[in-house]
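A.B. asks: how would this look folded up:
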Amino acid sequence: MLKHGESRVLSAVLALVLLAATTYGQAPAVPPGSVESEVAGIKAENAALREQLRRVEEQQKTLLELVNQLQQRLGPTTTTMAAEAPPVPKQGSSSATQVLEQSSSSKAPLPTSDQTADQPGRTYDENAQGILLAKSSDSAKIPFRLNLWDTTQVRYTNTALGNKSFTDHLGVVRPVTVRNDFSLNRNLFHFTGFIFDPRLRFNLITWVSNSSASIVIGGYVGWQFNKALSFQGGYWGAPGSRTLGGTFPYFATIDRSMADNFFRPSFTQGIWIDGQPTKSLYYMVFVGDGLNTLAVPLSKTKTGLVTSATVDWQPLGQYGPPGRAKGMYNDYENHQKPVIRLGTAFTRSREDRFSNNQQTNPENNGLFNSDGVNTFDTGAFASGVTVTDATYRMWAVDAGVKWRGMAFNSQGFARWLDSFVADGPLPLSKTFDIGAEMVLGYFVVPKKFEVYERASFVYGQFRNSNEYGTGIRWYPVKTYRVWLMGEGLRTNRSPIQSAIGSYSTGYSGWEPLAQLMFTF
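C.D. replies: Here you go, the predicted model:
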């Protein structure tokens, strides 16, 4: 049932249609007489017809405006009641009847709401890179927006081809974790958006990994003042290396490199600011509870805080696609002009053996000495002696270039551990380790097949380690968000234990890896 106001609008529309038809049906009479008078009559008729066509054009514009207004007021269910106005006849048409016949045979339905963009449950949000679940109208009293995005990583890992034990720098024989398994390595859900005010942002996170048999519920809330400054508080990673500065999961290889896993900080609760003050510059400054404190009770941690900051510069244009893939390593986009990235980061934290626990959540990354022994394990520095506190400082510098399907990325690391507190005498007062990673990739078939070579190394206080590998990546659908890859990796004396990174301390040997990555 139409409301009174809607009936008046519909009546106006029908009146205009009738007026247009009547106007087309009229034609000025030509008085009989000589040839000259007939020619003059035809000229007068043409002039009158041109004037009528001009009037019809104006009436058609008015008619379309009224039809659109009526459709908006009545909603998508009444779209079938609306029809397009007849097309304007071409100059020189001799009959209004012909025009009406053409219009009746060439009608097209008006677009319905099913054809419009940005619909909850039907729209993929390219900027947020997720599915739009719900949103308010622009005029809503309480504005809100809710997106869902996911990362699912299925991996095959095999470390059965190498050694089963290793000897640390003190001569103690220790076991190597042996794996030959398929795993749901990560299953990460983010519910993101805003509510009450478009500047009041949130990110609700569920993080599952059966590689480490753990589930994490986290998230953060924040306020975006502008593009150059946002403030957040909650659960996130200290941005001490490039892979913690907004590149996950768009790494160049299966996962983070051995060197990156050895040096980098990890995830914790804290507060941070970030932003993009210029088109080519991005920064983040973070203060949190420690390197690895997410699943550790606060009663177990001490008062030391982690501070971490990073900045990257992309002077020749955006290095990766917008959104979460802005730091993507490979050149899926096939840049026809070179783009580069330069970045640096620094992290400092006062750590204790309770908060620095690599087993507490999927992404936690404990401190290890360069011989593969956890820094806080009894006997890590001296037989029977346990370090309970230490100061961690780490500096990282990275650089990358992309051009015509080729991408080269590298990063260097330096780490200091000192100010030890222990329950017995130690043979040293500090340790210093350096390392680097590099990867070269090329799309042999643009946006379809990529091959790459990678390597990383650690030159440490107690032992040196390295790795190198070759891999291939295949994109089965037309998007950079889904890929399959396989890799042959050779590791020599791994200094890191990381179930999610497929590394086992002390391992030496070849390691076949395969992975499906699915993210939206």
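A.B. asks: residue 126: neighbour count?
C.D. replies: 10 (other C-beta atoms under 10 Å). Every C-beta, even on glycine, is put in place using the N, C-alpha and C of the backbone.
A.B. asks: from what I see, it and residue 322 are in contact.
C.D. replies: Yes: counting by C-beta atoms under 8 Å, residue 322 is a contact partner of residue 126 at 7.3 Å.
A.B. asks: flag the shaky bits of the stretch 151-300 of the chain, pLDDT-wise.
C.D. replies: Scanning the stretch 151-300 of the chain for pLDDT under 70 picks out 294-300.
A.B. asks: show me where it has its strands.
C.D. replies: 165-167, 173-175, 180-195, 197-209, 214-226, 229-237, 267-278, 281-288 (DSSP state E, counting those that start in this stretch).
A.B. asks: of those, which is nearest residue 57?
C.D. replies: strand 197-209 (41.1 Å; C-beta to C-beta).
A.B. asks: for this structure, what spans make up the helices?
C.D. replies: Taking DSSP state H to define them, one finds helices in the chain at 4-25, 35-74, 96-105, 258-263.
A.B. asks: any idea which of those scores lowest on pLDDT?
C.D. replies: Here the lowest mean pLDDT among those goes to helix 96-105, at a mean of 41.
A.B. asks: circling back to that earlier point, and residue 437, which of the strands of the stretch 151-300 of the chain is closest to it?
C.D. replies: Comparing those by C-beta to C-beta, strand 229-237 comes nearest, at 17.6 Å.
A.B. asks: gap between the closest one and the chain center?
C.D. replies: Put simply, strand 229-237 sits 16 Å off its chain's centre (C-alpha atoms, centre = their mean, to the nearest Å).
A.B. asks: repeat for stretch 155-167
C.D. replies: In terms of C-alpha atoms, centre = their mean, the centre of stretch 155-167 is found 33 Å from the chain centre.
A.B. asks: what's the answer for stretch 200-217, then?
C.D. replies: On the basis of C-alpha atoms, centre = their mean, stretch 200-217 sits 16 Å off its chain's mean C-alpha point.
A.B. asks: now do that stretch: distance from first to last residue.
C.D. replies: End-to-end distance of stretch 200-217 (C-alpha to C-alpha, to the nearest Å): 21 Å.
A.B. asks: so how far is residue 382 from the residue lying closest to residue 385 once chain neighbours are set aside?
C.D. replies: Setting aside the residues directly before and after it, residue 385 is nearest to residue 424 in space (C-beta to C-beta, 6 or more residues apart in numbering), at 3.7 Å. To residue 382, residue 424 is 6 Å away according to C-beta to C-beta, to the nearest Å.
A.B. asks: who has more neighbours out of these two?
C.D. replies: Neighbour count, other C-beta under 10 Å: between residue 424 and residue 382, residue 382 has more, with 16 against 12.
A.B. asks: let me see the contact set for that one.
C.D. replies: Residue 382 is in contact with 170, 422, 424, 425, 426, 427, counting by C-beta atoms under 8 Å, 6 or more residues apart in numbering.
A.B. asks: ok, the fourth one touching residue 383?
C.D. replies: It refers to residue 425. No: using C-beta under 8 Å, residue 425 is not in contact with residue 383, being 10.8 Å away.
A.B. asks: surely residue 505 touches residue 368?
C.D. replies: Yes: contact criterion C-beta under 8 Å: residue 505 and residue 368 qualify, at 6.9 Å.
A.B. asks: what sits in contact with each of the two?
C.D. replies: Residues touching both residue 505 and residue 368 (C-beta under 8 Å, 6+ apart): 495, 496, 497.
A.B. asks: burial measure for the residue nearest to the last one when sequence neighbours are not counted, as a count.
C.D. replies: Same thing as residue 497. Among residues not flanking residue 497 along the chain, residue 505 sits closest, at 4.4 Å (C-beta to C-beta, 6+ apart). Residues lying near residue 505 (other C-beta under 10 Å) number 22.
A.B. asks: what's near enough to touch the nearest residue to residue 288 once chain neighbours are set aside?
C.D. replies: Closest residue to residue 288 apart from its sequence neighbours, by C-beta to C-beta, 6+ apart: residue 270 at 2.6 Å. Residue 270 sits next to 233, 234, 236, 238, 286, 287, 288, 289, 305, 306 when contact means C-beta under 8 Å, 6+ apart.
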